[in-house]
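K.L.:
the sequence and its predicted three-dimensional model are supplied below.
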Amino acid sequence: MSNNEIIPQYDIVRQNYSPKEKFLLGELRENLVDLAISSGGNFQPNEDKLLNDIKSFVFLRLAQENQNENITNEYLDNLSLKLLRDIIGYGEIDPLIQDDDLEEIMINGIDKPVFVYHRKYGMMKTNLKFSDEKELMDLIDSIARQINRRIDQESPILDGRLLDGSRINATIPPASADGPSLTIRKFKKDPLTIIDLINSKTISVELAAFLWVCFDGLGVKSANAIISGGTSSGKTTTLNALCAFINPKERIITIEDTLELQIPHEHVIRMETKPANVENKGELTMNDLVKNSLRQRPDRIIVGEVRADEAITLFTALNTGHSGFGTLHSNDARETITRLTNEPMSVPKIMIGAIDFIIMQNRIYTPSGVSFRRISEVAEVVGIEEGVVQLNKIFEWNPESDEIDKVGISSKTLSQIASLSGKSLEEIEREIENRQIVLNHMVKQDIRSVDDVKSILDLYYKDSEKILDRIMLGR
């Protein structure tokens, strides 16, 4: 990587093939396409077997041309492995796919640099270009076959997810005037947890402990929340991390356009929308899935992104005793209310009170172009006065100190939890402090993986006093 340019350079080592090796690669791809078609698109090759088949194929082809006498086993192994990665991988961009430090891969067309968004360095320009339109189209077609979808002039937009969960969007003419484009949003193989968000200062320990108590609700009132923000502000990552605070006894149903959430709980049903087929049949909308979820006895419904008429169905569910989370595109808490209550969502204002918190998340850019993410505001919905939804700001990010400050004097949600649980507000505040101790312990001990965080939280739910004693004794 080079940082001497305005946009830092990301260099990758490209696969170099001789003309003969390129010809072999083309033959192998055609054979694999034939296998995929004959299997109805369900062909899932075994890598070890496929590697041996490639070796046999290459050896046989070279033997037919009397060239196999001069090749070594090392050459055959290396070439076969390169061909395998190209065939079942993603060709030229496979090294980018494999790099867990990249968030986004952006191919803007022919003879243009491929750009990537690096988790540490921000936007970067690679040394990779597609100079052949057919090569880029072959890559897009290959990805479309992997996810059992099609892209052509009648359906020039491809939207879906790869086998590893990454989101894929491709366009071809007439949708994209300058030729094929491809955008891949990658997700970390090791998802970020609430401890990672604390370490990166996206959220503070105090706010995390507060939300933990509110979302758990001490078994009497599980708070609902909408996480709002702009594109790539980290809404889904934060939602995923906060879901760890859901009581493990709850039955959770997630509803998404593209499966992204990775909730560690055992009692989870994941549902995904589906576009209509070529006969315009078989469509499953977000609203269809939200309605269906109500027949599955959910304790908590999580909607990946609230956009349209599913909002009314979700808020109807929240107003009838279900708990829920969702994300939404907006710039501040007030705009979140405006978007919810206007078309195309059109949620009646009287229903808005079912949401307890609006959590705003922003992506902040530095002059150098590097960005970071912060929860910028947590506002509580406290009621409606003269037709206006009233908000109480509880936490707010201070850009001067880069800290998330508690600015609210009281919380309606905490008061409700206290009343329903028979505890005093002082006892609720002590519970928040105890959970801060647990979170700080995980931060100090670098306990941050999904499984490890879940184990600690589960232990707390089973016997909070025992785990607090262990922490205090340094064990």
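P.N.:
Received it, and whenever you're ready, just let me know what you need.
K.L.:
any idea which helix or strand comes after the helix or strand bottoming out on mean pLDDT in the chain?
P.N.:
One helix or strand of the chain scores below all others by mean pLDDT, DSSP states H and E: helix 19-38, with a mean of 68. Counting by DSSP states H and E, the element after helix 19-38 in chain order, helix or strand, is helix 47-64.
K.L.:
what pLDDT does the model give V278?
P.N.:
Looking at V278, its pLDDT reads 62.
K.L.:
what about the stretch 151-300 of the chain, any weak spots by pLDDT?
P.N.:
Per-residue confidence for the stretch 151-300 of the chain (pLDDT under 70) gives these ranges: 277-280.
K.L.:
how about the helices of it, start to end?
P.N.:
194-199, 205-216, 235-242, 286-293 (DSSP state H, counting those that start in this stretch).
K.L.:
got these as a markdown table, with mean neighbour count and distance to D132 columns?
P.N.:
Every C-beta, even on glycine, is put in place using the N, C-alpha and C of the backbone. Below are the helices of the stretch 151-300 of the chain laid out as a markdown table (neighbours: other Cβ atoms under 10 Å; distance: least, Cβ to Cβ, whole Å):
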| stretch | mean neighbour count | distance to D132 |
| --- | --- | --- |
| helix 194-199 | 21 | 40 |
| helix 205-216 | 23 | 50 |
| helix 235-242 | 23 | 35 |
| helix 286-293 | 20 | 38 |
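K.L.:
reformat those helices as TSV; add distance to L468.
P.N.:
Shown next, in TSV, are the helices of the stretch 151-300 of the chain (distance: least, Cβ to Cβ, whole Å):
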stretch	distance to L468
helix 194-199	18
helix 205-216	13
helix 235-242	22
helix 286-293	36
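K.L.:
of all those helices, which lies closest to K20?
P.N.:
helix 235-242 (45.8 Å; Cβ to Cβ).
K.L.:
closest to G91 out of the helices of the stretch 151-300 of the chain?
P.N.:
helix 235-242 (27.8 Å).
K.L.:
can you pull out the strands in the stretch 251-400 of the chain?
P.N.:
252-256, 268-272, 300-303, 323-329, 357-365, 371-385, 388-398 (DSSP state E, counting those that start in this stretch).
K.L.:
export those to JSON lines and tack on distance to N287 and mean neighbour count?
P.N.:
Listed next are the strands of the stretch 251-400 of the chain as JSON lines, based on distance: least, Cβ to Cβ, whole Å; neighbours: other Cβ atoms under 10 Å:
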{"stretch": "strand 252-256", "distance to N287": "10", "mean neighbour count": "24"}
{"stretch": "strand 268-272", "distance to N287": "12", "mean neighbour count": "16"}
{"stretch": "strand 300-303", "distance to N287": "10", "mean neighbour count": "25"}
{"stretch": "strand 323-329", "distance to N287": "13", "mean neighbour count": "23"}
{"stretch": "strand 357-365", "distance to N287": "22", "mean neighbour count": "21"}
{"stretch": "strand 371-385", "distance to N287": "23", "mean neighbour count": "20"}
{"stretch": "strand 388-398", "distance to N287": "23", "mean neighbour count": "18"}
